[in-house]
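Colleague: sequence plus the predicted model coming up.
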Amino acid sequence: MVKKIITNKLKHDEIIKAESKNLNFFYADGTQALNGVSLPVYENKITALIGPSGCGKSTFLRCFNRMHDLYPGNRYDGQIILQPDNTNILLTDVDPIEVRMRISMVFQKPNPFPKSIYENVAYGLRVRGESKKRTLDEKVEEALKGASLWNEVKDRLQDLAFNLSGGQQQRLCIARALATEPEIMLFDEPTSALDPIATMNIEELMSELKQKLSILIVTHNMQQAARISDYTAYMYLGKLIEFDATNKIFTNPSKKETEDYITGKFG
Amino acid sequence: MTIQNKPAANKNLDSIRKTIANHKRHDFIFASLGTLVIASLTITLLILFLDLVIDGYPRFNLDFFSNFPSRRAARAGILSAWIGSSLVLLVTFFVAVPLGITSGVYLEEYAKKNWFSDLIEINVSNLAGVPSIIYGLLALGLFVYSFGLGQSILTAGLTLALLMLPIVIVSTREAIRSIPVHIREAAYAVGATKWQVCRNHVIPYSYGGILTGVIIGMARAIGETAPVITIGALTFIAFLPPSPIGLEPPFINFDWLESGFTVLPIQMFNWISRPQLAFHVNAAATGAVIIMLTLLMNGFAIKLRYNIRKKIKW
């Protein structure tokens, strides 16, 4: 069994970018939302998390940028090791702000700030103390291009972000997360509030982005996971049921529960 | 296949229409009741205001604003009163607004939520309803006697600031609470610290709500009489405090803070207690001025808030 996993990895020639090890998570009211989740995130790959509502996928995702630290009483137990420096980002002496500077996040609902398009993208840089206009201009342009939004907004960078359509707003949020050159990007159901065309744009964008970074995405849409991801993890009731190459999960899952969920018998 | 118009279906439709009509009648009743109440209130206020304006009409001229109070009603003006009111409000504004916003932000963003913060919250909300005379007595003991600030503009400004503070704190907290969680999380997710989130997001997005509180507080402060009388404001003043802006460097001086003063409501109170009818005209005119000032402030605030909110949609 162990041997098989090793050969599997060799075959794919993957580099681990981050890895959760036996991760448990408890909300302030004592409920255990994650139960011993161990999962690798490979470099330059898209890893999708699927599972029914309330299975802990978003909770798991939000551990990667210590979002749970914003609310008192939440507790992590276990490790998330970030490579190449082998840091356990869940340790209390690792500053969550440092973690968020390395791992950025795109949310379910487009959430641009009520500021200009330019300021939205530049905010991450400003937070890092960047104030030179030329550097900011360059990086904002680069990020907007990276999020394939540049052509649509280059003439109105000072417009309010709210004047963009939903899909554009979400790409703006991706640009904002991209501007700071993160190592991993987390996507929490990024297309659930968007129409099919905007969804397609974002999916294409993610496939381009993985050339530069690693992506972890939570999605409710199984077709989406099948279309874009390289690896898929199926979670249920806070536990990781199965993790494998996306092909394998969707064509020949090794667990009965996974198969039931994917074929729609459950969930 | 033909669809037959069954009489039973018709009957059913009739009863649905009847129900809707019935429910709409409730709508109508409530709307008319509301209109009636609002109209009677507005009309009462309007009549009171018009009465003041008509009574005080003979005195509406420049002299009234540029004359000191006088023993002769026809020559008496409100110069010292409106300047006093303005300077007191200036102190109030610069004390209550920064303190109030800071406290509101601290309580909402930084303070740990426990029984102690609940206690503070209850007390702050409660303070907003404490009778103003209590603030006046507190100020008399604290500012006038303990701190030795005297019966000055500074004392009055600080007293009214105390009165205004809870209103600013409560409205700041309400405004902060209305910022959606996902905007806040977006800011944290790019790596902002708590202070960066407060300075760049929380405070700017709450300006609209804070402003409302500030104006309500200022409007309350401008009309307050009891606490200002309690700390010993003078009723007859025929001099102006030293000017805050000078022609020689350093151009700004703070001597006026220690000056004696009077304010518009006290001036009005003073005139109304005179037996001569001519002074009552002055009092009416002063009342109209106070109301118009409040109206202007409120109008300005509403306009400003509208401009701010136009840029912010959640």
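Modeller: That came through fine. Residues are numbered from 1 along each chain as shown, chains lettered A, B, ... in the order given.
Colleague: from here on, contacts and neighbour counts on C-alpha atoms
Modeller: Will do.
Colleague: end to end, how far does stretch B:104-117 reach?
Modeller: 12 Å (Cα to Cα, to the nearest Å).
Colleague: is that stretch up against chain A anywhere?
Modeller: No. Judged by Cα under 8 Å from any Cα of the partner chain, stretch B:104-117 stays clear of chain A, getting no closer than 8.6 Å.
Colleague: just give me how far that stretch sits from the chain centre.
Modeller: 25 Å (Cα atoms, centre = their mean, to the nearest Å).
Colleague: which strand or helix spans A:E242?
Modeller: Using DSSP states H and E, A:E242 sits in strand A:239-245.
Colleague: how far away from the center of its chain is that strand?
Modeller: Chain-centre distance of strand A:239-245: 17 Å, with Cα atoms, centre = their mean.
Colleague: give me the residues contacting it.
Modeller: Residues outside strand A:239-245 that contact it (Cα atoms under 8 Å, 6 or more residues apart in numbering or on different chains): A:34-39, A:55-56, A:230-235, A:249, A:254-255, A:257-258.
Colleague: check stretch B:187-201 too.
Modeller: Applying Cα under 8 Å, 6+ apart, the contact partners of stretch B:187-201 are A:65, A:67, A:97-101, A:104-105, A:113, A:123-124, A:127, A:176-177, B:105, B:109, B:184.
Colleague: tell me which residues in that stretch are buried?
Modeller: By 16 or more other Cα atoms under 10 Å in any protein chain shown, the buried positions in stretch B:187-201 come out as B:A187, B:Y188, B:A189, B:V190, B:G191, B:A192, B:K194, B:V197, B:C198, B:H201.
Colleague: cool, and stretch B:173-186?
Modeller: Using 16+ other Cα under 10 Å as the test for burial, stretch B:173-186 gives B:R173, B:E174, B:A175, B:I176, B:I179, B:H182, B:I183, B:R184, B:E185, B:A186.
Colleague: now stretch A:184-194
Modeller: Neighbour-count burial for stretch A:184-194 flags A:I184, A:M185, A:L186, A:F187, A:D188, A:E189, A:P190, A:T191, A:S192, A:L194 (criterion: 16+ other Cα under 10 Å).
Colleague: contact residues of the stretch 201-314 of chain B facing chain A?
Modeller: B:H201, B:K311, B:I312, B:K313.
Colleague: thinking again about what came up before, would you list the buried residues of stretch B:187-201 in JSON lines and tack on pLDDT?
Modeller: Below are the buried residues of stretch B:187-201 laid out as JSON lines (pLDDT from 0 to 100):
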{"residue": "B:A187", "pLDDT": "92"}
{"residue": "B:Y188", "pLDDT": "93"}
{"residue": "B:A189", "pLDDT": "92"}
{"residue": "B:V190", "pLDDT": "91"}
{"residue": "B:G191", "pLDDT": "89"}
{"residue": "B:A192", "pLDDT": "91"}
{"residue": "B:K194", "pLDDT": "91"}
{"residue": "B:V197", "pLDDT": "93"}
{"residue": "B:C198", "pLDDT": "93"}
{"residue": "B:H201", "pLDDT": "92"}
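Colleague: which stretches of the chain have low pLDDT?
Modeller: Unless you meant another one, I'm taking chain A. A:1-12, A:267 (pLDDT under 70).
Colleague: try again with chain B
Modeller: Ranges of chain B meeting pLDDT under 70: B:1-10, B:235, B:246-249, B:251, B:314.
Colleague: of the contacts of stretch B:187-201, keep whichever come out buried.
Modeller: Of the members of the contacts of stretch B:187-201, the ones counted as buried by neighbours, 16+ other Cα under 10 Å, are A:65, A:67, A:97, A:99-101, A:104-105, A:113, A:123-124, A:127, A:176-177, B:105, B:109, B:184.
Colleague: where do the helices sit along the stretch 51-200 of chain B?
Modeller: Using DSSP state H, counting those that start in this stretch, the helices found in the stretch 51-200 of chain B span residues B:62-66, B:79-105, B:115-127, B:132-139, B:153-177, B:181-189, B:194-197.
Colleague: ranking those by burial, who's on top?
Modeller: When the helices of the stretch 51-200 of chain B are scored by mean count of other Cα atoms under 10 Å in any protein chain shown, the highest mean neighbour count falls to helix B:153-177 (a mean of 26).
Colleague: dump the buried residues of stretch B:173-186 to CSV, plus distance to B:S32.
Modeller: Shown next, in CSV, are the buried residues of stretch B:173-186 (distance: Cα to Cα, whole Å):
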residue, distance to B:S32
B:R173, 35
B:E174, 31
B:A175, 32
B:I176, 35
B:I179, 35
B:H182, 40
B:I183, 40
B:R184, 42
B:E185, 45
B:A186, 45
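Colleague: looking at the buried residues of stretch B:187-201, which is nearest B:F254?
Modeller: Compare each of the buried residues of stretch B:187-201 with B:F254 using Cα to Cα and the shortest gap goes to B:C198, at 32.2 Å.
Colleague: quick one: B:T35 is in a strand?
Modeller: No. Under DSSP: H, G, I helix; E, B strand; the rest coil, B:T35 sits outside any strand and is assigned helix.
Colleague: enumerate every residue touching it.
Modeller: Contact analysis of B:T35 by Cα under 8 Å, 6+ apart lists nothing.
Colleague: do A:C63 as well
Modeller: A:L90.
Colleague: so A:D93: helix, strand or coil?
Modeller: coil.
Colleague: from A:V127, how far out is it?
Modeller: Taking Cα to Cα, one finds A:D93 at 21 Å from A:V127.
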